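Colleague: Build me a model:
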Amino acid sequence: MESPIQAVSNWSYLRKLIGRIAVACMVLVAVLYAFVFALERNRRQIVHKLSIDVQRLRVSQTTESEIRRLAQKYGGEYAGPKNGANSYQPANYVVSVWNPGFYIGDLKRAFPGRRLWGAVAYLPVENGLLTGVHFGIGVQRADGLALDASVVMTGSKPFAAPEGLSYFVHQAHVTGPPTESLSVELSPAATPEERGKGFDFNLSCLTGFRECRHVCEVMPTAWKDLPLERRIQYGDGREQMTDSECRERMR
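Modeller: Modelled structure (predicted):
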């Protein structure tokens, strides 16, 4: 049977051991998150550079070889005719950048305290020339609601914009998981100023410590160009509350 002195000594040693383990765990977590923050900043910078390169593309003018070089620059993927197939068949180049995270099964998860986000550029090619552009950024809020912001560059035929408009901001009804969406459509006649507004993404929504609550924060300039009467109307009037929160958070 151990003496009281030995019991106190053993307990003291155990407390020191637990303390050292706790400190080691805290240091390990701090190092891990420092690495995660560095990765996030790097990937956010990649998204910024990608958006600049995509903004410079010209529908019906940019060649497939130029699109291929852009895709290779960012580690993009190619989906199109195999070698030896008709070179005039449609092809699609996809470039994507995602937040650092980990997988549980097939689902990607963000590190605790961080958020899921991604940026994707779809670049379809036909007859050797770019036929359109879709560049989108998605961010998931802590409560699971997705903020989906995108810009579409069309050819001679508009997608959602009325005929004759070179810059058009609209919202789409999204089925499935809860989502706020905002999209800009640019025609070949869009001016440099309109292109700049369409690609004006607030990338702090990806990595900032303060969470962006609404899609208006992801595309602030485009949101200001969307009249209240053209925004999605809900039976409970939530669009008015969203507009009020947007004006408050975008000051």
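Colleague: Quick one: mean pLDDT for the longest helix anywhere in the chain?
Modeller: The residue-count maximum for a helix in the chain (DSSP state H) belongs to helix 4-55. Per-region confidence: helix 4-55 scores 82 on mean pLDDT.
Colleague: Show the subsequent helix or strand relative to it.
Modeller: Using DSSP states H and E, the helix or strand that follows helix 4-55 in sequence is helix 64-73.
Colleague: quick one, that next one and helix 4-55 angle?
Modeller: Orientation check (axes from the mean of the first three to the mean of the last three CA atoms, to 10 degrees): helix 64-73 against helix 4-55 gives 170 degrees.
Colleague: And helix 64-73, what does it pack against?
Modeller: helix 4-55, strand 77-79, strand 91-98, strand 117-126, strand 129-130 (3 or more CB pairs under 8 Å, 6 or more residues apart in numbering; DSSP states H and E). For the C-beta atoms, the positions are set from N, CA and C on the backbone; glycine is no exception.
Colleague: So what touches it?
Modeller: The set of residues external to helix 64-73 that reach it, using CB atoms under 8 Å, 6 or more residues apart in numbering, is 53-54, 57, 76-78, 91, 93-95, 123, 125, 128-130.
Colleague: If we use 10 Å, what do you get?
Modeller: 46, 49-50, 53-54, 56-58, 62-63, 76-78, 80, 87, 91-95, 121, 123-130, 133 (CB atoms under 10 Å, 6 or more residues apart in numbering).
Colleague: how about that helix: buried residues?
Modeller: 64, 66-68, 70-71 (16 or more other CB atoms under 10 Å).
Colleague: Tabulate those (CSV), appending distance to residue 179 and pLDDT.
Modeller: CSV is the format used below for those (distance: CB to CB, whole Å; pLDDT from 0 to 100):
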residue, distance to residue 179, pLDDT
64, 33, 94
66, 33, 96
67, 29, 96
68, 32, 94
70, 28, 97
71, 27, 96
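Colleague: circling back to that earlier point, output the contacting helices and strands for the longest helix of the chain.
Modeller: For helix 4-55, the packing partners by 3 or more CB pairs under 10 Å, 6 or more residues apart in numbering; DSSP states H and E come out as helix 64-73, strand 91-98, strand 117-126, strand 133-140, strand 146-153, helix 192-198, helix 204-207.
Colleague: Kindly recompute the last result at 8 Å.
Modeller: Secondary-structure packing of helix 4-55 (3+ CB pairs under 8 Å, 6+ apart): helix 64-73, strand 91-98, strand 117-126, strand 133-140, helix 192-198, helix 204-207.
Colleague: isn't residue 141 right up against residue 110?
Modeller: No. Using CB atoms under 8 Å, residue 141 makes no contact with residue 110, being 11.4 Å away.
Colleague: Dump stretch 167-182 to CSV, keeping only the CA atoms.
Modeller: Below are the C-alpha coordinates for stretch 167-182, written out as CSV (Å, rounded to 0.1, in the frame of the first residue of the first chain):
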residue,chain,number,x,y,z
TYR,A,167,-25.1,43.7,-68.7
PHE,A,168,-27.9,42.1,-66.9
VAL,A,169,-28.2,41.1,-63.2
HIS,A,170,-30.8,38.6,-62.1
GLN,A,171,-31.7,36.0,-59.5
ALA,A,172,-32.8,32.4,-60.2
HIS,A,173,-35.1,30.2,-58.2
VAL,A,174,-33.0,27.3,-56.9
THR,A,175,-34.6,24.0,-56.1
GLY,A,176,-33.0,21.6,-53.7
PRO,A,177,-30.9,22.7,-50.7
PRO,A,178,-31.5,26.3,-49.3
THR,A,179,-29.6,28.7,-51.6
GLU,A,180,-29.3,32.4,-52.3
SER,A,181,-28.3,33.0,-55.9
LEU,A,182,-27.1,36.0,-57.9
